[in-house]
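> Sequence and predicted model, in that order:
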Amino acid sequence: MIRQTAVKPLDRQKKIMEGLQRNNDKYKNDPYAKEFGISLSGTMTKLTGRILDPPSIEYRDNGKDKNIVNINKTNPGKWFQDKNTYLNGADVSNWAVLDMAQLNDGQYKEVVQGFVTVGKENGIKFGGVDKVMKVRVSMKDLDEALATIEDHLVRIGHHFQAAGSKLDFVLIIFAYKAGSLYDKIKHLGDVKLNISTQCCLKANLYKGGNLSKQVVANVCMKINSKLGGINHVLSKGCRPNILKRPVMIMGADVSHPAPECRSFKPSIAAVVASVEPKAVNYEVQVRIQDMGLESNEEVIKDMKDVTRNLLLKFFEKNNGRKPEKIVMFRDGCSEGQFLTVLAKELVAMREACMELEEGYQPPITYLVVQKRHHTRFFPSDTNKYRNGNALAGTVVDQGINHPTEGDFYLLSHEGIQGTSRPCHYQVLWDDNNMTADELEVLAYYLCHLYSRCSRSVSYPTPTYYAHLVADRARKHHNELAQFDCGSSSGYSAGSGKMTESERRKIKEIVERGVEKPMYFV
């Protein structure tokens, strides 16, 4: 679908200009416009932008190879890991493969060996074929698969318990995409059984007929993060100054139900916060907000308790050190709600700090990140990719910005399909007195820390993670409440008839969260 709907930058520019021309022709002959002396310019606004230098990325220091990767300034937005290994690789001694794609023996051995080999190249120690437990399940009857999946996962857990070892994770290979089964597996693994799971499609593993090493390497990045490893970090030489002292980088998002489900589905707020100096590992808080009914209000109601819990986790992980500064990247907030959100959430964050220790008032910087706007940049010089999109790192902070409020547009990713949409950052509050340049560099560099790929993404990592957490919490909530509004498998029979005590119980389970860190990647 994306390939069909994506419009290349030059075609997009042409469409915009044609539309503008049509409008202008109407106004030229309009008697009212003539009377009031209104005329419209027929060209796009010319702006001066800057391109920020990309950071360098650090991997594990193996002594012999250079472990710092410099990103090409003429082609930013991505880098190659080459022969580098993850900064902190996980140890996967005991794992299981739940084969739902009917792999033959040769394919099964090939997949296991593929993960062992690629894992070793990247720094993950997988246990060999003899250490892997294999379970075969058919997906021909989806209802049966849904009914039996819990038994299979429990059996895998018991098998390793009986052998006196700890199950590290389960690799689940799907024959085809099955949203309802995926949701059930994630709910069982995250909430009920506390097992790390990684799902993948057979068709993706076997792209072009043979096992794809690239796909296996991509899956390994996710596995390493889920098991507490660190894939890559910003190198020491280019780390922004604010990260050199204890600082908590936060990201927040609120996910709303579809309009037709508003009567029985809540809004879900997710907040993540970094707990170490490299800003790659995040702790999570989820809150269910029963206000989807009246309106999709954006404010996170329990912000005080959320901030308090995250500060305590930071304190615990850093041997009793408190963050000296807090930076919040807030997603999904429209301009009309800026003041409400700022007034309520910022005050709640301050109260949380004061409650933990009298006189503790770390300076807070509060930014809103928006992608739902119609601003597009078309480079008029050679600073662009081959497809015509602006280079990653392009910043526009004058010309189309607010005259008094600090805001800027930052394009931080390489647009592969269609026309890149820049992120609009609005600085609502800044106790840290950061310069525009410092904020822009911090936002851009945080886009390089997303653990799923060796690319710079379009959102800062904490905001992206908050979005993933809210999405996963929605799946957990749907599973617990047994409804799935708007999906093809919609088993929403008794969806609106929950009692108050059932609602409270589900709220408690979802908000208790998942024991395993970084489960959402």
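Looks like it came in fine. Residues are numbered from 1 along each chain as shown.
> Pull the residues that contact stretch 16-25.
Contacting residues not belonging to stretch 16-25 are listed as 40, 42, 44, 376 [C-beta atoms under 8 Å, 6 or more residues apart in numbering]. All C-beta atoms are positioned from the backbone trio N, CA, C, and that covers glycine.
> Top of those by number of neighbours, please.
When neighbours are taken as other C-beta atoms under 10 Å, the top entry among the contacts of stretch 16-25 is residue 376 (17 neighbours).
> quick one: the closest residue to it other than its chain neighbours and residue 119, what's the gap?
If you skip the residues right next to it in sequence, residue 376 has residue 419 as its closest partner in space, 5.6 Å away by C-beta to C-beta, 6 or more residues apart in numbering. Using C-beta to C-beta, to the nearest Å, we find residue 419 at a distance of 37 Å from residue 119.
> just checking, residue 286 is part of a strand?
Yes - going by DSSP: H, G, I helix; E, B strand; the rest coil, the assignment for residue 286 places it inside a strand.
> burial count for residue 423?
23.
> Now do the contacts for it.
369-371, 409-412, 443, 458-459.
> again, 7 Å this time
With contacts taken as C-beta atoms under 7 Å, 6 or more residues apart in numbering, residue 423 has the following neighbours: 369, 371, 410, 412, 458-459.
> same check, this time on residue 113
By C-beta under 7 Å, 6+ apart, the contact set of residue 113 is residue 129.
> rerun at 10 Å
Residue 113 is in contact with 126, 128-129, 211, counting by C-beta atoms under 10 Å, 6 or more residues apart in numbering.
> ok now stretch 351-360, how far from the chain's centre?
Here stretch 351-360 shows a centroid-to-chain-centroid distance of 30 Å under the convention C-alpha atoms, centre = their mean, to the nearest Å.
> what's in contact with that stretch?
Against stretch 351-360 from outside (C-beta under 10 Å, 6+ apart): 303-312, 315, 322-323, 326, 350, 361-362, 364.
> Inside helices: which ones of those residues?
Among the contacts of stretch 351-360, the members found in helices (DSSP state H) are 303-312, 315, 350.
> For these, which entry has the maximal number of neighbours?
Within the ones in helices among the contacts of stretch 351-360, residue 307 tops the neighbour count with 28 neighbours, counted by other C-beta under 10 Å.
> Now do the same contact list for that one.
Listed by C-beta under 10 Å, 6+ apart, the contact partners of residue 307 are 248, 250, 271, 273, 285, 300, 326, 328, 345, 348-353, 355-356, 364.
> ditto for residue 324
242, 245-248, 362-363, 432.
> which one of these has the most neighbours?
Neighbours here are counted as other C-beta under 10 Å. On that basis the top member of the contacts of residue 324 is residue 248, with 25 neighbours.
> mind pulling up the phi and psi values for that one?
Summarising the backbone geometry of residue 248 under the convention degrees, to the nearest 10, its torsions are phi -110, psi 120.
> I'd say it and residue 314 touch.
Yes - the pair residue 248 / residue 314 is scored as a contact, 5.5 Å apart, by C-beta atoms under 10 Å.
> got any residues that touch both of these two?
Jointly contacting residue 248 and residue 314 under the rule C-beta under 10 Å, 6+ apart are 273-275, 283, 322-323, 326.
> For residue 56, state which of those is nearest.
residue 274 (19.9 Å; C-beta to C-beta).
> after the helix or strand where residue 409 lies comes which helix or strand?
In this assignment (DSSP states H and E), residue 409 forms part of strand 406-411. Scanning forward in sequence from strand 406-411, with DSSP H and E defining helices and strands, the next element found is strand 423-430.
> now that following strand against strand 406-411, angle please.
Here the directions of strand 423-430 and strand 406-411 differ by 150 degrees (axes from the mean of the first three to the mean of the last three C-alpha atoms, to 10 degrees).
> Just the CA trace of strand 423-430, in PDB.
Extracted as PDB, the C-alpha positions of strand 423-430 are listed here (Å, rounded to 0.1, in the frame of the first residue of the first chain):
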ATOM      1  CA  CYS A 423       9.500  16.700  12.800                       C
ATOM      2  CA  HIS A 424       8.300  20.000  14.300                       C
ATOM      3  CA  TYR A 425       9.700  20.500  17.800                       C
ATOM      4  CA  GLN A 426       8.100  23.200  20.000                       C
ATOM      5  CA  VAL A 427      10.000  24.200  23.200                       C
ATOM      6  CA  LEU A 428       7.200  24.800  25.700                       C
ATOM      7  CA  TRP A 429       9.500  25.200  28.700                       C
ATOM      8  CA  ASP A 430      13.200  25.400  29.300                       C
END
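> list the buried ones in the next helix or strand after it?
On the C-terminal side of strand 423-430, the closest following helix or strand by DSSP H and E is helix 436-446. Applying a neighbour-count criterion of 16 or more other C-beta atoms under 10 Å, the buried positions in helix 436-446 are 436, 439-446.
> No more questions from me, cheers.
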